[in-house]
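[1] next one to model:
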Amino acid sequence: MSYLMGVDVGTQSVRAMIIEAEGKVRALEAASYEISIPRPGFAEQNPEAWYAQTAHVIARALDSSGLSPEDISAVGFSGQMHGLVCVDEGGRPVRDAILWLDQRAREDILRIYDLCGNDFVARQVQNKISAGFLLGSLYWLFLHEPQTYRRIHKVMTPKDYVRYRLTGKIAVDYSDAAGTAAFDNLKLEWAYPLIEKLGLDPSLFPECLPSSQVAGRVTREAALDTGLSERTVVVCGGADQCMQSIGNGIVEEGIFACNIGTAGQISACSKKPVYDKELRTNTFSHALPGRWNIMGACLASGVSLKWFVKSIIGAESFTAVDSEAQKIKPGSDGLIFLPYLAGERTPHLDAAARGMFCGLTLGHGKYHMARAVMEGVCYSLKDCMGLLTDMGLCCHRVVASGGGSNSPLWLQMQADILERTIYKSNVTEQACLGAAIAAGVGSGVYSGFHEACGRLISLGDRVYSPIPENVETYNACYKIFRDLYAHNKDSFHELSRLSS
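    This next block holds a predicted model:
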């Protein structure tokens, strides 16, 4: 029997899942790591921590599965998008990785547009360059840490570094390359004219491969670290949003994924590269051949609730907070939260945006605030959904994913605020499953992604439908939510200047 492993290198944790070819989960293990905030607006992680924790969870998954290393035929990857990993000629990181939620490059990105022009950039990469995207972070290094820049041999995204440590081969798959803002999503190659115009070295950008292509086999050193066999095939895998969509069975048009993880996204699979006129959404090459991933992204979704629960009220567990927040009426008794704790991408493209509570009274308590945070995240996702439907993308079904899909309260909020029936997959770790499916496709266990999803994925029996009275309340609150950003934008920018 063939066994497949999917590894998801996330922003706050790494997970390893082992499945049988027919989809039964044999093992699932996870380990966490922290985000380093060396100064306001910065967000970094040590790539070695990713690899160490990945090796740890792979070894634990093998042990708990009761399988021998030779039973694992292939490993595939999913990973957090956009981040910058720089290695020297020996493959060693030259500094901590700069993550997707990092905002340090926002002024230098304006310089990129001044130098190159909006139209030139749009033709090259078909997307806006946002703070936290690899290209902007690399340009920041070029300008502000030239000694570090000169040490770089290759750049890559986070999960590609972990895969490199397993195989010894440096490469980036198309779907993760797409999220760097240095990739031509139509030609499926690095945007060399843009890279060269910025004075960056084109040789820093590695080979690009399809998500289902075999990248190599496990090296002897990695076998010792993980317990895997040196005969095990390692497949490229893809960006977490693509892998999560595949893990939800979204391989055709008409189905939207609503993800609440560290960040939040509304995404759809499309046969054509469609665009928002103002490029407020992203149109990226998909892990699925001949498809594009159309996505609206919110930078602080699940992490907003984590911040509130742990840093503000000091609770250890979200479970109790979720239970108490459920007792608060929809609309949080007139309290609204803007979840712009790390700036915002869709729809504002504003790295200086800030979070805020509006409407606080003496009658509000911590659970009102917790519920308002959850509702604010859903309002921001509604912004994204509105743009995707305005672009002509049809939505017949919404499938919830990420940690937020484990909360019935949050699922009902999504239904009420998005005004859509919400479905949920029977698999809890969709990104891991998507990575395992990519491993199966790449190693020949499955003939393709469609066949694999048809065999492995089903939706749960419980669905969450909009409740009319809740919809009415939330629509009124959503209008205020939209107005709050517009009325406070100038203040946000002034506060950003004061804190920089």
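[2] where does Leu200 land in three-state SS?
    coil (DSSP: H, G, I helix; E, B strand; the rest coil).
[3] what does the host helix or strand of Tyr139 rub up against?
    If you go by DSSP states H and E, Tyr139 is part of helix 134-144. Residues outside helix 134-144 that contact it (C-beta atoms under 8 Å, 6 or more residues apart in numbering) are 82-84, 86, 98, 102, 104-106, 108-109, 111-112, 125, 129-130, 148-149, 152, 155, 157, 179-182, 194-195, 198-200, 204. Every residue, glycine included, has its C-beta placed from N, CA and C.
[4] from those residues, list the buried ones, please.
    Neighbour counting with 16 or more other C-beta atoms under 10 Å marks 82-84, 86, 98, 102, 104-106, 108-109, 112, 125, 129-130, 149, 152, 155, 157, 179-182, 194-195, 198, 200, 204 as buried within these.
[5] centre of the chain to the worst-scoring helix or strand of the chain on mean pLDDT, how far?
    Least confident helix or strand of the chain, by mean pLDDT, DSSP states H and E, is helix 318-325 with a mean of 90. Between the centre of helix 318-325 and the centre of its chain there are 25 Å (C-alpha atoms, centre = their mean, to the nearest Å).
[6] flag every buried residue along it.
    Using 16+ other C-beta under 10 Å as the test for burial, helix 318-325 gives 318, 321-322, 324-325.
[7] all helices of the stretch 301-450 of the chain, in order?
    302-306, 318-325, 366-390, 408-418, 430-443, 449-456 (DSSP state H, counting those that start in this stretch).
[8] could you chop this structure up by domain?
    Domain assignment for the chain by automatic domain parsing gives 3-241, 250-424+467-500.
[9] max pairwise distance over the buried residues of helix 318-325: which two?
    Phe318 and Glu324 (10.7 Å; C-beta to C-beta).
[10] out of the buried ones among the contacts of helix 134-144, list just those in strands.
    Judged by DSSP state E, the subset of the buried ones among the contacts of helix 134-144 located in strands is 86, 98, 155.
[11] so what's the first one up against?
    Meaning Cys86. Contacts of Cys86 by C-beta under 8 Å, 6+ apart are 93-95, 97, 138, 141, 148, 151-152, 154-155.
[12] out of these, flag the one nearest to Leu433.
    Nearest member of the contacts of Cys86 to Leu433, counting by C-beta to C-beta, is Ala97, at 25.3 Å.
[13] touching, the closest one and Pro47? I think so.
    Yes. Counting by C-beta atoms under 8 Å, Ala97 does reach Pro47; the two are 5.3 Å apart.
[14] ok, these two, which is more surrounded?
    Ala97 (27 against 24; other C-beta atoms under 10 Å).
[15] what about this protein, any weak spots by pLDDT?
    The chain contains no residues with pLDDT under 70.
[16] biggest helix in it by residues?
    Longest helix of the chain, by residue count under DSSP state H: helix 468-499.
[17] starting at the chain centroid, how far to that one?
    Centre to centre, stretch against its chain (C-alpha atoms, centre = their mean), the figure for helix 468-499 is 24 Å.
[18] and the angle for it with helix 408-418?
    90 degrees (axes from the mean of the first three to the mean of the last three C-alpha atoms, to 10 degrees).
[19] helix 468-499 packs against which elements?
    Judged by 3 or more C-beta pairs under 8 Å, 6 or more residues apart in numbering; DSSP states H and E, the packing partners of helix 468-499 are strand 336-338, strand 356-358, helix 366-390, helix 408-418.
[20] in that helix, what counts as buried?
    For helix 468-499, by 16+ other C-beta under 10 Å, it's 470-471, 473-474, 477-478, 481, 484-485, 488, 492, 496.
[21] and which of those residues is nearest to Arg354?
    Nearest member of these to Arg354, counting by C-beta to C-beta, is Phe492, at 4.5 Å.
[22] make sure that closest one is actually in contact with Arg354.
    Yes. With contact taken as C-beta under 8 Å, Phe492 and Arg354 are classed as touching, separated by 4.5 Å.
[23] so what's Ala452 up against?
    Counted by C-beta under 8 Å, 6+ apart, Ala452 has contacts 437, 440-441, 446.
[24] ok, it to Pro466 distance?
    32 Å (C-beta to C-beta, to the nearest Å).
[25] right, and Ile480 touches Leu335 too?
    No. With contact defined as C-beta under 8 Å, Ile480 does not reach Leu335; the gap is 10.6 Å.
[26] show me the common contact partners of those two, please.
    Both Ile480 and Leu335 are contacted by Cys358, under the criterion C-beta under 8 Å, 6+ apart.
[27] count of neighbours near Val25?
    16.
[28] next one: Gly460
    Using other C-beta under 10 Å, Gly460 has 12 neighbouring residues.
[29] repeat that for Lys366.
    Lys366, neighbours per other C-beta under 10 Å, totals 16.
[30] swap in Arg220?
    For Arg220, the count of nearby residues is 9 (other C-beta under 10 Å).
[31] once you drop chain neighbours, what's closest to Ala31?
    Gln53 (4.2 Å; C-beta to C-beta, 6 or more residues apart in numbering).
[32] list the buried residues in the helix or strand encompassing the one you found.
    Counting by DSSP H and E, the element that carries Gln53 is helix 47-65. For helix 47-65, a neighbour-count test (16+ other C-beta under 10 Å) marks 47, 49-51, 53-62, 65 as buried.
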